[in-house]
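Undergrad: sequence isn't available, so here's the structure alone:
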């Protein structure tokens, strides 16, 4: 198993550009999520999905879109990049969020994004 | 959204000393709490999942306890080593909208 993979590892964008951060998992996990990590703020939930075809907004969804057409893939799209979106982005997955929340979250290696 | 608080925010500990820190969470409707360890430039990795009041889990020199009635969990590290330097995160179970909200973490720095 490759676990949770993310691409790219690093990206520099100019303000106004759009791009897609890729996330894939090969563990047949139902639940997938995107977080951003900023200094002193821990992990903040951007969007999440409880299964293919279902997505929902987290704490900080503005400026981001997601889709979940397959169980394996959960791409995060930045619509028009802004300097405030400079951050480290983590994708995570777990088998199911729908039982009792006991499932471990598995994280990808992260994408470090800089918006100039 | 469940409110999770971790304290202290950061902690400097001399190598060889023992230490502990706290995760506080709402005690109503509790059913699980997770601890994760997050080393710099890496991804968070699971340490423990705790479900029962009075639970105690152990992994080497790291252990955790749980008090669901008063809404807190302690993480203990015995005989701190440089490799223990990391941010330790706790997360309660997801809320009714299936959102997982994490504590801000306790950043532990071990001084040689």
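TA: It's in. Being a predicted model, the structure only gives us computed values, none of them experimental.
Undergrad: what residues does the residue nearest the centre of chain A make contact with?
TA: The centre of chain A sits closest to residue A:34, judged by C-alpha atoms, centre = their mean, with a distance of 2.5 Å. Residues counted as contacts of residue A:34 (C-beta atoms under 8 Å, 6 or more residues apart in numbering or on different chains) are A:21, A:23, A:45-48, A:58, A:64, A:66, A:74, A:76, A:89-92. All C-beta atoms are positioned from the backbone trio N, CA, C, and that covers glycine.
Undergrad: where's it, which helix or strand?
TA: strand A:31-38 (DSSP states H and E).
Undergrad: next, the buried residues of that strand.
TA: Residues of strand A:31-38 classed as buried: A:31, A:32, A:33, A:34, A:35, A:36, A:37 (neighbour count, 16 or more other C-beta atoms under 10 Å in any protein chain shown).
Undergrad: show me what it pairs with in its sheet, parallel or antiparallel.
TA: Note on strand A:31-38: by DSSP bridges, its sheet partners are strand A:42-51 (antiparallel), strand A:87-94 (antiparallel).
Undergrad: now look at the following helix or strand past the shortest one and say if it contacts chain B.
TA: I take that to be strand A:87-94. Moving toward the C-terminus from strand A:87-94, the next helix or strand (DSSP H and E) is strand A:106-107. Yes - residues of strand A:106-107 contacting chain B under C-beta under 8 Å from any C-beta of the partner chain: A:106, A:107.
Undergrad: which residues does residue 77 bridge with?
TA: I'll assume chain A. In this structure, residue A:77 bridges to residue A:20, residue A:65 when assessed by DSSP bridges.
Undergrad: hmm, I had chain B in mind actually
TA: On the basis of DSSP bridges, residue B:77 takes part in beta bridges with residue B:19, residue B:62.
Undergrad: mind listing what it touches?
TA: So residue B:77 contacts B:13, B:18, B:19, B:20, B:61, B:62, B:84, B:108 (C-beta under 8 Å, 6+ apart).
Undergrad: ok, those vs residue A:12, which is closest?
TA: Checking the contacts of residue B:77 against residue A:12 by C-beta to C-beta gives residue B:108 as the nearest, at 31.5 Å.
Undergrad: any figure for the gap between the closest one and residue B:4?
TA: For residue B:108, the distance to residue B:4 equals 18 Å [C-beta to C-beta, to the nearest Å].
Undergrad: returning to what we had before: list buried members of the contacts of residue A:34 by neighbour count.
TA: A:21, A:23, A:45-48, A:58, A:64, A:66, A:74, A:76, A:89-92.
Undergrad: if we can go back for a sec, mind checking which of the strands paired with strand A:31-38 is nearest residue B:72?
TA: Of all the strands paired with strand A:31-38, strand A:42-51 comes closest under C-beta to C-beta, at 17.9 Å.
Undergrad: how about the contacts made by residue A:45?
TA: A:33, A:34, A:35, A:58, A:59, A:60, B:99, B:100, B:101.
Undergrad: adding distance to residue B:52 and pLDDT, write those out as a markdown table.
TA: Below are the contacts of residue A:45 laid out as a markdown table (distance: C-beta to C-beta, whole Å; pLDDT from 0 to 100):
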| residue | distance to residue B:52 | pLDDT |
| --- | --- | --- |
| A:33 | 26 | 94 |
| A:34 | 31 | 97 |
| A:35 | 28 | 96 |
| A:58 | 29 | 92 |
| A:59 | 29 | 90 |
| A:60 | 33 | 94 |
| B:99 | 24 | 80 |
| B:100 | 20 | 80 |
| B:101 | 22 | 78 |
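Undergrad: re the thing from before, quickly list what the residue nearest to the centre of chain A is bridged to.
TA: Assessed by DSSP bridges, residue A:34 has beta-bridge partners residue A:47, residue A:91.
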